[in-house]
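Q: Quick check, what structure comes out for this input:
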Amino acid sequence: MHTFVATNHNHGGGLRLEDLMQRYDPELLAVLETFPSTSLVNWDDLPATRLATGEMLKMMMADSPDSPHVSKEDRLVPGPEGAPQVPVRVYRPKAGTGTLPALFWIHGGGYILGSLEQDDITMQHIVETVGCAAVSVEYRLAPEYPFPAPVEDCYAALKWTYDNARELGIDPSRIAVAGGSAGGGLAASLVLLARDRGEVPVSYQLLIYPMIDNLNSSLSSKEFAEAPIWSRRDNQGGWDAYLGASNNAEASPYAAASRATDLSNLPPAFIAVGSLEVFLDEDVDYALRLAHAGVPVELHIYPCAFHGFDGLAATSSIAQRFHEDRDQALKRALHP
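A: Predicted coordinates:
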């Protein structure tokens, strides 16, 4: 496990951005020069933020062509009762015949941003490297569609994947649920929801720096409040958009997995988080609570890393290490 222990805490107001910058892995610093401030979100104009992040994504993906070894197909699947259909993208290795395990993937974006397009290259890589199918879901975003719409969209798409496993060439007993950031939060909540509804057996959960604690009150959320990419202020805004007046200690665990009191009978978990990001404490705490509940859990803390390091600085040594850890964990889980 990769560990890093922060020292010289300033318990009053957390570390200043310039102090944080001195702690980051030097390989990660170059990418931060492309971000003009500590926030990706203009809370006064979310549509403009969505447009800007979408354009930034297109630029980042411009040099990453589709894999010639992976097929992909866009589908519309039945949504929650009374709600619109849910878009999904289905990936398969072109050379893969017969029944394959599957990764059900949920994109990140603080519950307010993002689309399945942002992880298109990652999905192709995983399908090719791990030897599995994948289904990536496009859920409705807050604040236009607050909880429970996003997680119910994800559940509807997961249930469609399970119910149509034979047509999709998927082994229904080997479906892993995964996501990053808010997608990791939705994944954690979706696994709880699937356990409690008893309709879809999930075999594994892959939670990449999951956004799971709506209270935003941990030491790391204060210590690293000014962290780039996703600050404590952005985190508060994301939760307020998703939960509205329900953003409190009584929030549903199907919205914020940290609120769950019973973590027993959940599938094995892989949890990864950077050592210098808002989500550090909540993710480590969730991993410990899963272990205490008898759930096999693999926890990785990546030293001197900020939120989203693996995608924004994908060629860095630490990101490469994360990719290897993630891919090997999925191979072990999906090909036991």
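Q: I'd assumed I208 was in contact with D310.
A: Yes. Look at D310 against I208 with C-beta atoms under 8 Å: they come within range, at 7.5 Å. Where you see a C-beta, it was placed from the backbone N, CA and C, and this is true even at glycine.
Q: Just give me the neighbour total for E73.
A: The number of residues packed near E73 is 10, by other C-beta atoms under 10 Å.
Q: Run a quick neighbour tally on A251.
A: Neighbour number of A251 under other C-beta under 10 Å is 19.
Q: OK, contacts around it?
A: N214, L243, R259 (C-beta atoms under 8 Å, 6 or more residues apart in numbering).
Q: any idea which element it lies in?
A: Using DSSP states H and E, A251 sits in no helix or strand.
Q: Repeat that for F270.
A: F270 belongs to strand 269-274, assigned by DSSP H and E.
Q: about what we covered before: which of the contacts of A251 are buried? Put it as a PyMOL command.
A: Those of those that count as buried under 16 or more other C-beta atoms under 10 Å are selected in PyMOL with:
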select buried, resi 214+243+259
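Q: Identify the spatial nearest neighbour of C132, chain neighbours not counted.
A: Closest residue to C132 apart from its sequence neighbours, by C-beta to C-beta, 6 or more residues apart in numbering: P101 at 4.8 Å.
Q: Which pLDDT does the model give W43?
A: In this model, W43 is scored at 89, pLDDT.
Q: Reduced to three states, what does the residue nearest to C132 come out as?
A: Classification of P101 using DSSP: H, G, I helix; E, B strand; the rest coil returns strand.
Q: Ok, G179 next?
A: Put simply, G179 is strand when judged by three-state DSSP.
Q: what ranges do the strands span in the stretch 201-336 of the chain?
A: Taking DSSP state E, counting those that start in this stretch as the criterion, the stretch 201-336 of the chain contains strands spanning 204-208, 269-274, 297-302.
Q: partners of the first one, with directions?
A: Read that as strand 204-208. Sheet neighbours of strand 204-208, with direction, are listed as strand 170-180 (parallel), strand 269-274 (parallel) (DSSP bridges).
Q: Same list (the ones you listed) but as a markdown table, adding mean neighbour count, mean pLDDT and distance to E128.
A: A markdown table is the format used below for these (neighbours: other C-beta atoms under 10 Å; pLDDT from 0 to 100; distance: least, C-beta to C-beta, whole Å):
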| stretch | mean neighbour count | mean pLDDT | distance to E128 |
| --- | --- | --- | --- |
| strand 170-180 | 23 | 98 | 16 |
| strand 269-274 | 26 | 98 | 19 |
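Q: closest to M56 out of those strands?
A: Closest approach to M56 among these (C-beta to C-beta): strand 170-180, 16.4 Å.
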